[in-house]
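Undergrad: coordinates only, sequence not included:
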């Protein structure tokens, strides 16, 4: 059927072992994809912005990858690689086996309003939840040590978030254009707030900066037009332009 892609085991007698970086990026009509046992490598962002993709299926004999209900994982199910952007359902609970959420793993998953991250997760990749415009509820577990570049880019329905003490850094543009974010609490473990971390968070009215922060990056609160007060702790030694 239109939109369905089955990758063969071989092409002209040569085994298909690799899916390259951004191989199917922005294939907006792709609805399903089947990955054969022969594939041993899937590049970064291979399915980025496939906004109609509802399911990823992996051959049962594949040694490196598997799927659970159409969601792509590594074989051990410790890394969640891709949640199909067109998958229906408004909430998702990440399995307890997962320790890492991959780069762009939930990119453009506009149906999701709630994602539950288990305590087992310690790493969240760049732009992991970028463009999740319906996401209202997410809790960052205590095991996470850093919030990376563009992690919550354009999460325009997110209203509040608490960053636990385990997190030591907030990356560049981590909450860029989270236009309905009104409150944020930054834990005491955070030492640096990255470049344009809260850029265009136009609804942000209050912010609590933990007493571990030493540097606030360039443009961190640029165009935060609703911000009425902010308390900068004694620990801060550097504030960017």
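TA: Looks like it came in fine. Note that the coordinates shown come from a computational prediction; the quantities given were computed from them, not determined experimentally.

Undergrad: contact partners for residue 41?
TA: Going by C-beta atoms under 8 Å, 6 or more residues apart in numbering, residue 41 touches 17-19, 64. For every residue, glycine as well, the C-beta is placed using N, CA and C.

Undergrad: rerun at 10 Å
TA: Residues in contact with residue 41 (C-beta atoms under 10 Å, 6 or more residues apart in numbering) are 17-21, 64-65.

Undergrad: how about residue 187?
TA: Counting by C-beta under 10 Å, 6+ apart, the residues that residue 187 touches are 140, 142, 162-168, 208-213.

Undergrad: so which of the contacts of residue 41 wins on neighbours?
TA: The most crowded member of the contacts of residue 41, judged by other C-beta atoms under 10 Å, is residue 65 (21 neighbours).

Undergrad: who is it paired with across the strands?
TA: Beta-bridge partners of residue 65, counted by DSSP bridges, are residue 74.

Undergrad: re earlier: separate out the buried members of the contacts of residue 187.
TA: With neighbours counted by 16 or more other C-beta atoms under 10 Å, these contain buried members at 140, 163-164, 166-167, 209-210, 212-213.

Undergrad: export those to JSON lines and tack on distance to residue 28 and secondary structure?
TA: Shown next, in JSON lines, are the buried ones among the contacts of residue 187 (distance: C-beta to C-beta, whole Å; DSSP: H, G, I helix; E, B strand; the rest coil):
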{"residue": "140", "distance to residue 28": "30", "secondary structure": "coil"}
{"residue": "163", "distance to residue 28": "33", "secondary structure": "strand"}
{"residue": "164", "distance to residue 28": "36", "secondary structure": "coil"}
{"residue": "166", "distance to residue 28": "37", "secondary structure": "coil"}
{"residue": "167", "distance to residue 28": "34", "secondary structure": "coil"}
{"residue": "209", "distance to residue 28": "40", "secondary structure": "coil"}
{"residue": "210", "distance to residue 28": "41", "secondary structure": "coil"}
{"residue": "212", "distance to residue 28": "43", "secondary structure": "coil"}
{"residue": "213", "distance to residue 28": "40", "secondary structure": "coil"}
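
Undergrad: any idea which of the contacts of residue 187 is least confident?
TA: pLDDT across these is lowest for residue 208, at 86.

Undergrad: what about this structure, any weak spots by pLDDT?
TA: Along the chain, segments meeting pLDDT under 70 span 1-2.
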